[in-house]
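# Curious how this folds, go ahead:
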Amino acid sequence: MAIYPLTQSQLAAATTAQALAFVKSPTLLARRMSEILAAQEFIGYSLLTGRYKVEGGAIAVPKNEVIRADRPAETVNAGAEYKLTPMSSEEYDLYQALKDGLATEVADEMIGRQKNQPIEEALQVLKVELLVRANATALASIASKVTATIAAGAAWTTGKQIVKDALRAKAQVRALKLGFDLNTVVLTEAQYAAVMPEVFDMLPDNDPSIISGSFPNVLGLTWLATADANFANPLMVDRNRLGGIAREDIPSPEYARVPAINGVDTGVEIASIREAKADKTRLQARNAHVPVVVNPGGGVVITGPGVGA
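Numbers count the residues shown, from 1 in each chain. Purely as a prediction, here's the structure:
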């Protein structure tokens, strides 16, 4: 049998026996899924960097982490006692466990005629749908919690104006004195196409983000794009503090976890379920997770940028 993972040339040359062995193995399917699934495509994992565990079907997280004390720090004289401040009481949001999932089927006849191709197509379909769902859920959760706004000073048609408004947003959040530092900007794909040429003009010609096409970092801000249809105005967040992803471990023996991608665990699992009575194999993928926003104050929406409408 060919050594896995299969290259594109190996996929084309795979025999029927190799394809059948491949589709029966959740471990091999999970490894292949890790190759075609880019961790950075999950925008929620970039914006919500904390990791939590769901137990008992739900998770309770503070609406806002306690960052400031009820009493400020004071000068302490030699030999004097420190003043005691009580911890602020916290309110909690309850997040119910969620499980995104989808299944598709590959008939034996398709494998006999096209070898690995129908399996690859099935994995691509599962990948895309899980991505779209996870990204939409994460952005909707953030949008429902982050309510702070700031109006753009003018249309984002010059790098100077873009930077000016980004710095104004950072200053607005810093003025809260809660320790937040906005470090990420999220744009629609249309806004990204309009804004990035202006941003790239501020980078050196040999900047690696220009050469590689990776998301650039300018002025300490990472610039991301999303194709989510419900996302409209630029969003700036402190992704170190905004929140995280909570996962539930479901003890299903049929599933294999997709290996971590560049050190990031996507949480995606895949199962191969043989349906011998119908001469087909069911491929089933799931992602048991829920995005949680712990510090909505660590984000602000910029309204009226005037680009990418």
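
# tell me the phi and psi of Lys160?
Note on Lys160: its backbone torsions stand at phi -60, psi -40 [degrees, to the nearest 10].

# Give me the neighbour count for it.
11 (other C-beta atoms under 10 Å). Heads up, the C-betas are built off the backbone N, CA and C, glycines and all.

# quick one: contacts for it?
Listed by C-beta atoms under 8 Å, 6 or more residues apart in numbering, Lys160 has no contact partners.

# From Met202, how far out is it?
Between Lys160 and Met202 the computed distance is 9 Å (C-beta to C-beta, to the nearest Å).

# and what of Ala169?
From Ala169 across to Met202, the span is 17 Å (C-beta to C-beta).

# So for these two, which residue has more residues nearby?
Neighbours were counted for Ala169 and for Met202 using other C-beta under 10 Å; Ala169 has more, 24 against 14.

# wouldn't the more buried one be in contact with Met236 here?
Yes. Counting by C-beta atoms under 8 Å, Met236 is a contact partner of Ala169 at 5.0 Å.

# joint contacts of these two?
Both Ala169 and Met236 are in contact with Leu182, Val300, Ile302, where contact means C-beta under 8 Å, 6+ apart.

# any idea of the mean pLDDT for stretch 297-309?
For stretch 297-309, mean pLDDT rounds to 89.

# contacts for it?
For stretch 297-309, using C-beta under 8 Å, 6+ apart, the contacting residues are 64, 142, 145-146, 148-152, 154-157, 165-166, 169, 172-173, 176, 178, 180, 182, 187-195, 233-238, 241-242.

# number of nearby residues for Ile59?
Ile59 sits with 21 neighbouring residues when counted by other C-beta under 10 Å.

# And what about it, helix, strand or coil?
The three-state label given to Ile59 by DSSP: H, G, I helix; E, B strand; the rest coil is strand.

# How about Asp181?
For Asp181, the assignment made with three-state DSSP gives coil.

# ok, and the closest non-adjacent residue to it?
Spatial nearest neighbour of Asp181, chain neighbours left out: Asp238 (5.4 Å); criterion: C-beta to C-beta, 6 or more residues apart in numbering.

# Could you count how many residues lie near the one you found?
A count of nearby residues for Asp238, using other C-beta under 10 Å, gives 22.

# per-residue pLDDT, it?
Per-residue pLDDT puts Asp238 at 96.

# circling back: among the contacts of stretch 297-309, the buried ones, what's the ChimeraX command?
This is how ChimeraX selects the buried members of the contacts of stretch 297-309, with burial counted by 16 or more other C-beta atoms under 10 Å:
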select :64,142,145,146,150,152,156,165,166,169,173,178,180,182,187,188,191,192,194,195,233,234,235,236,237,238,241,242
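
# Check which helix or strand Gln161 maps to.
helix 159-174 (DSSP states H and E).

# ok so Val300 is a strand residue?
Yes. Membership of Val300 in a strand is supported by three-state DSSP.
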